[in-house]
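A.B. asks: my questions are about this predicted structure, shown below with the sequence.
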Amino acid sequence: MALKGFASFAIRKAIAAIITIFAIVCVNFLIFRMVPGDPIRMMFRDPRITAEQMQLVREKFGLDKPLWEQFNCYLTELFQGNLGISFWQKRPVLEVIADRIPQTLLLVVTALAIAVILGTILGAIAGWKTGTKIDSFILGISLTLYSVPTFCMGIIFLLIFAFQLAIFPLGGISTAASGLTGFGYWKDVLWHMFLPAISIVLWYGGEYVLLTRSSMQDASGQDYITTARAKGLKESAVLRNHALRNALLPVVTITGVNLAFAVAGIIEAETVFSWPGVGRLVYDAVMKRDYPLLQGTFLVFAVAVVLANLVVDLIYGYIDPRIKVGKSE
Amino acid sequence: MLKFLRELEKVKGFFQLLLTNKMGVVGLSIFALFAIVALFAPFLHTVDPSKTGAVENILLPPCHQFWLGTDDLARDIWSQVIFGSRVSLVIGFLAAALTVLVGTLIGLMAGFYGGRIEEVLMRIVDFFMMLPMLPLMIVLAAILGPSIWNVIFVVSIVSWPTTARVIRSQVLSLKERAFVEASRCIGASDSLLIFGEILPNVVPLMFAEAVLMVTEAIYAEAVLAFLGLGDPTTVSWGMILHFAFESGTMSRAPWWVVPPVACICTLILGFTFLGTAVSDVLKPGYREIRGL
């Protein structure tokens, strides 16, 4: 019975996600029709190309057909995994992006996990001790860090730790031609990842401090906290078993929404530290005016955020008893 | 006239309250400092910020003639930073104004009319809020081409949904209040109800949203310019960082990157403080809590 409620919840969420992805695909198609100038000219950038040759290419890509047919064609190709050819790299966009995804995942998962854990702990402490010196210290630091854009933080880190002190590398994911393997290689990767990851952690963690703090403040004023104290429970037990559990629920719900926001930090950190991920690819696509690649990266980021949101929603739905009970009875 | 004076009195009271808030004072001071710098930019030991200089003046450290040194084209960094404050403030304010205007209109419509109009508008809002903002801004800016007006447009088109959502929920509660009901009973038209009765009551909220949007817009301009999507005809802080980053000589010239980074962060921090203070002050019961 309980599963039935969850199943219908999951199906509704999945359908909503599919509709959103379809809308993203439509937006992505329409935005890139607004590109000024002739896409074929831009693709070759060679004045020697003749009008006949251009006409040939235009027909090959279906650019002589009406918009509706172009959209149809775009959808068909998309379903077959064809996102076009990158002007810059002269190979399929999907291939270029797929090569970069593991590096981005490594950086994102590490940085966000640290940010969420650290941010939640500090936020919970600040919220529990509202008005004390610790609270204003944590609040002040996180408001300040939160105001520093990731690329600014990255540039300063680069200047201090890579250029001046030279204790961290300038960028990239591993030392070129070092011949390292196994454990040594991963140690090298971690060393390269430190600065970009910490730039994301400091900015994104600040958000979680603020969130958990206000959620904790709400929770600590509730009657059940007074009850727990009246029962004679130790302060630490009240904090852990009563306040924190309730304060964390809204923090979990917001995680999904925040992912859309985290993408900015990833693009900035990867750009500054030349981390070979999808975020750096966005910058390269902009610099090379490679529209198919830019279109592809946007699609990948947007769809990734929708899917991550779906996963967060499903986990939340599975944990939260109200969803199961409410639907099945 | 009397009504106007009463409104003025309210605004004055609001700023007095803001000045009792520590964060409000810090935020306002930072804003005032940058506003003065932007206003008097030509008189602050500056030269034309895009004027390139002689070869022997390339990458000079700070000195008597160039207060913050020079970049790889021998341009004066002090002048670039001073004039950059104009770009940030202008884009910040115009983008915030446009965003809040569009967001408020849509929030008012959705909240007041409800039903299918609300359904459609709120679905669009939800859709936008799901999209990763920075990639969307990058894509739009890359397609529309680099110019200040496009940056303003791009920031607004990406940020209005937040304002629309906040305004809508306020309108939902306002339209059930007695004074709206009373106006409706004496036959007030929809537009009079929306703009005459409800709008004046969401103005404080619009102001709080606008302060937040200025922060967003200043950040957005800086990051877009840093990623190479800024207006090449104007000097902005993000643009200075872009040139420094691309030049590959950043390591030899810390004076080139530290000032713009410091300015971006200080200005954003100022508006973050101001935003926090404004929403604190606007909370019902603030006066009582502070014993004012």
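C.D. replies: Yep, it's here.
A.B. asks: how much space between A:Ala7 and chain B?
C.D. replies: For A:Ala7, the distance to chain B equals 23 Å [C-beta to the nearest C-beta, to the nearest Å]. Backbone N, C-alpha and C define where each C-beta goes, glycine included.
A.B. asks: what does the pLDDT read for that residue?
C.D. replies: Looking at A:Ala7, its pLDDT reads 83.
A.B. asks: swap in B:Gly111?
C.D. replies: 92.
A.B. asks: quick one: contacts for it?
C.D. replies: Applying C-beta atoms under 8 Å, 6 or more residues apart in numbering or on different chains, we find B:Gly111 in contact with B:118, B:167-172, B:174-175.
A.B. asks: what is the lowest-pLDDT residue among these?
C.D. replies: Minimum pLDDT across those is recorded for B:Lys175, with 86.
A.B. asks: check contacts around the nearest residue to that one once chain neighbours are set aside.
C.D. replies: Residue nearest to B:Lys175 in three dimensions, not counting chain neighbours: B:Phe112, with 5.9 Å by C-beta to C-beta, 6 or more residues apart in numbering or on different chains. B:Phe112 makes contact with B:171, B:175, B:190, B:193-194, B:198 under the criterion C-beta under 8 Å, 6+ apart.
A.B. asks: show me the contacts of B:Gly111 that map onto helices.
C.D. replies: In this view, these that belong to helices under DSSP state H are B:118, B:167-172, B:174.
A.B. asks: and chain A, which of those reach it?
C.D. replies: Taking C-beta under 8 Å from any C-beta of the partner chain as the test, chain A is in contact with none of these.
A.B. asks: ok, which residues in the stretch 51-200 of chain A are in contact with chain B?
C.D. replies: Counting by C-beta under 8 Å from any C-beta, the stretch 51-200 of chain A sits next to chain B at A:143-144, A:146-149, A:151-152, A:155-156, A:158-159, A:163-164.
A.B. asks: ok, back up a step: which of the ones in helices among the contacts of B:Gly111 sits closest to chain A?
C.D. replies: Comparing these against chain A with C-beta to the nearest C-beta places B:Ser169 closest, at 16.2 Å.
A.B. asks: any idea how many residues pack against the closest one?
C.D. replies: B:Ser169 is flanked by 14 other residues according to other C-beta atoms under 10 Å in any protein chain shown.
A.B. asks: ditto for B:Glu176
C.D. replies: By the criterion of other C-beta under 10 Å, B:Glu176 has 9 neighbours.
A.B. asks: what pLDDT is listed against it?
C.D. replies: Note on B:Glu176: pLDDT of 85.
A.B. asks: phi and psi next, for it.
C.D. replies: Dihedral pair for B:Glu176: phi -90, psi -10, per degrees, to the nearest 10.
A.B. asks: what of B:Thr70?
C.D. replies: B:Thr70 adopts backbone torsions of phi -130, psi 160, taken as degrees, to the nearest 10.
A.B. asks: might one say that it is in contact with B:Leu59?
C.D. replies: Yes - in this structure, B:Thr70 is within contact of B:Leu59 by C-beta atoms under 8 Å, at 6.3 Å.
A.B. asks: between those two, who's got more neighbours?
C.D. replies: A count of neighbours by other C-beta under 10 Å puts B:Thr70 above the other of B:Thr70 and B:Leu59, at 26 against 16.
A.B. asks: ok, now which ones touch the more buried one?
C.D. replies: Listed by C-beta under 8 Å, 6+ apart, the contact partners of B:Thr70 are B:53, B:57-60, B:76-77.
A.B. asks: cross the residues you listed against strands and list the overlap.
C.D. replies: Among the contacts of B:Thr70, no residue falls in strands (DSSP state E).
A.B. asks: near chain A, from those?
C.D. replies: Counting by C-beta under 8 Å from any C-beta, no member of the contacts of B:Thr70 reaches chain A.
A.B. asks: who are the packing partners of the helix or strand encompassing A:Phe298?
C.D. replies: According to DSSP states H and E, A:Phe298 maps onto helix A:291-319. If you count contacts as 3 or more C-beta pairs under 8 Å, 6 or more residues apart in numbering or on different chains; DSSP states H and E, helix A:291-319 packs onto helix A:2-33, helix A:93-128, helix A:245-272, helix A:278-287, helix B:115-130, helix B:133-144.
A.B. asks: state the mean pLDDT of that helix.
C.D. replies: What helix A:291-319 shows for mean pLDDT is 88.
A.B. asks: go on, stretch A:25-38?
C.D. replies: Mean predicted lDDT for stretch A:25-38 stands at 79.
A.B. asks: next one: stretch B:123-134
C.D. replies: Averaging pLDDT along stretch B:123-134 gives 89.
A.B. asks: what does stretch B:54-71 give?
C.D. replies: Stretch B:54-71 shows a mean pLDDT of 77.
A.B. asks: flag every buried residue along the lengthiest helix in chain A.
C.D. replies: Longest helix of chain A, by residue count under DSSP H: helix A:182-220. Neighbour-count burial for helix A:182-220, counted by 16 or more other C-beta atoms under 10 Å in any protein chain shown, picks out A:188-189, A:192-217, A:219-220.
A.B. asks: now for residue 236: which residues touch it?
C.D. replies: Defaulting to chain A. No contacts exist for A:Ser236 under C-beta under 8 Å, 6+ apart.
A.B. asks: oops, chain B please
C.D. replies: Residues in contact with B:Ser236 (C-beta under 8 Å, 6+ apart) are B:84, B:87-88, B:91, B:221-222, B:225, B:230.
A.B. asks: and for B:Phe34?
C.D. replies: B:Phe34 makes contact with B:85, B:88-89, B:263, B:266-267, B:270 under the criterion C-beta under 8 Å, 6+ apart.
A.B. asks: can you rerun that using 7 Å?
C.D. replies: B:85, B:89, B:267 (C-beta atoms under 7 Å, 6 or more residues apart in numbering or on different chains).
A.B. asks: in what helix or strand does the first one lie?
C.D. replies: Assigned by DSSP H and E, B:Ser85 belongs to helix B:77-113.
A.B. asks: hang on, the earlier thing: got a markdown table for the helices and strands packed on helix A:291-319, with mean neighbour count and distance to A:Glu77 too?
C.D. replies: Formatted as a markdown table, the helices and strands packed on helix A:291-319 follow (neighbours: other C-beta atoms under 10 Å in any protein chain shown; distance: least, C-beta to C-beta, whole Å):
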| stretch | mean neighbour count | distance to A:Glu77 |
| --- | --- | --- |
| helix A:2-33 | 15 | 11 |
| helix A:93-128 | 19 | 10 |
| helix A:245-272 | 21 | 25 |
| helix A:278-287 | 24 | 19 |
| helix B:115-130 | 15 | 24 |
| helix B:133-144 | 23 | 19 |
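A.B. asks: which one of those helices lies closest to A:Leu310?
C.D. replies: Among the helices and strands packed on helix A:291-319, helix A:2-33 comes nearest to A:Leu310, with 4.5 Å by C-beta to C-beta.
A.B. asks: now do the contacts for residue 256.
C.D. replies: No chain was given, so I picked chain A. The contact partners of A:Gly256, by C-beta under 7 Å, 6+ apart, come to A:308-309, A:312-313.
A.B. asks: um, chain B though
C.D. replies: Contacts of B:Trp256 by C-beta under 7 Å, 6+ apart are B:69, B:71, B:77, B:244, B:250.
A.B. asks: please repeat the previous calculation with a cut-off of 10 Å.
C.D. replies: Shown in contact with B:Trp256 (C-beta atoms under 10 Å, 6 or more residues apart in numbering or on different chains): A:159, B:59, B:61, B:68-72, B:77, B:80, B:240-241, B:243-245, B:247, B:249-250.
A.B. asks: for the chain, which residue occupies the most central location?
C.D. replies: The chain I'm using is chain A. Nearest to the geometric centre of chain A sits A:Val263, at 3.6 Å (C-alpha atoms, centre = their mean).
A.B. asks: sorry, should have said chain B
C.D. replies: B:Val214 (1.1 Å).
A.B. asks: how about the host helix or strand of that one, does it get close to chain A?
C.D. replies: Assigned by DSSP H and E, B:Val214 belongs to helix B:199-226. Yes - Helix B:199-226 lies within reach of chain A by C-beta under 10 Å from any C-beta of the partner chain, at B:215, B:218-220, B:222-224, B:226.
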